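1. okay, here's the prediction I keep looking at, along with the sequence it came from:
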Amino acid sequence: MKRTCFFNLCICTISAAFILGSCGQAETPDTPAATTASSFAAEEEATTSADEPAPSESSKSIQDIYAEITEKLALNAPMVLPDEFISNYYGVDVSTLDEYVFSMSEAAISAETVVILKAKDTGSTDDLAASLQTVIDQKRSEMENYLPDQFQIVDKSSVHVEGNYVYLVISEQADAISQIILDGIR
């Protein structure tokens, strides 16, 4: 009887260690949340027609720009959002984009947001900029009465348009992130 109880206890302990060990793993670039935007961008690049302007030789892909940001700077629990979320909550029509990254902090106490959109044509940049202004307005109302330090960060942010790129950075590191974006799209 004691031997059976000991054996069952060992099995339970090993099972618990395995389950808890796998729960603590960090999100990697191979997880579905991180690959949504990159796989969408790859599909869109493959279907680009010949009459659309080619990207300049010096510009990087948005995925490469975002990777550089995450390599050089410590973002606060970044989570890349899926198409349905940005479409439903912020009105971004992903069919108007060549590629994009829409990342927000998973931490409720952080307003940190990095959004880089590359429009298929410059005619849709005004609509995209309006959608990103909605992000600012929402973050502003979320943080105003609860997290004054985060509200100040949101309040300093703005939407930027560079050619067919539209981007928004809400972060304490906004200047450094914006510089990486500008260096990548120029």
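-> That came in fine, so what should we check first?
2. would you map the helices across the protein?
-> Listed in chain order, the helices of the chain (DSSP state H) span 2-23, 32-46, 62-72, 83-90, 125-143, 148-155, 174-185.
3. contact partners of the last one?
-> So the one you mean is helix 174-185. 59-60, 62, 64-65, 68-69, 72-73, 114, 116, 118, 153, 156-157, 160, 162-163, 165, 167, 169, 171 (CB atoms under 8 Å, 6 or more residues apart in numbering). (C-beta placed from N, C-alpha, C; glycine too.)
4. redo that, cut-off 6 Å
-> Here helix 174-185 makes contact (CB atoms under 6 Å, 6 or more residues apart in numbering) with 59-60, 65, 68-69, 73, 116, 162, 165, 167, 169, 171.
5. list buried residues within those residues.
-> Applying 16 or more other CB atoms under 10 Å to the contacts of helix 174-185, the neighbour count classes 59-60, 65, 68-69, 116, 165, 167, 169, 171 as buried.
6. from the residues you listed, pick the one nearest T122.
-> Y165 (9.5 Å; CB to CB).
7. what's the spacing between the closest one and Q150?
-> From Y165 over to Q150 the distance is 26 Å, taken as CB to CB, to the nearest Å.
8. same check, this time on D64
-> 29 Å.
9. so which of these two has more stuff around it?
-> Each of D64 and Q150 had its neighbours counted (other CB atoms under 10 Å), and the higher figure belongs to Q150 (21 against 11).
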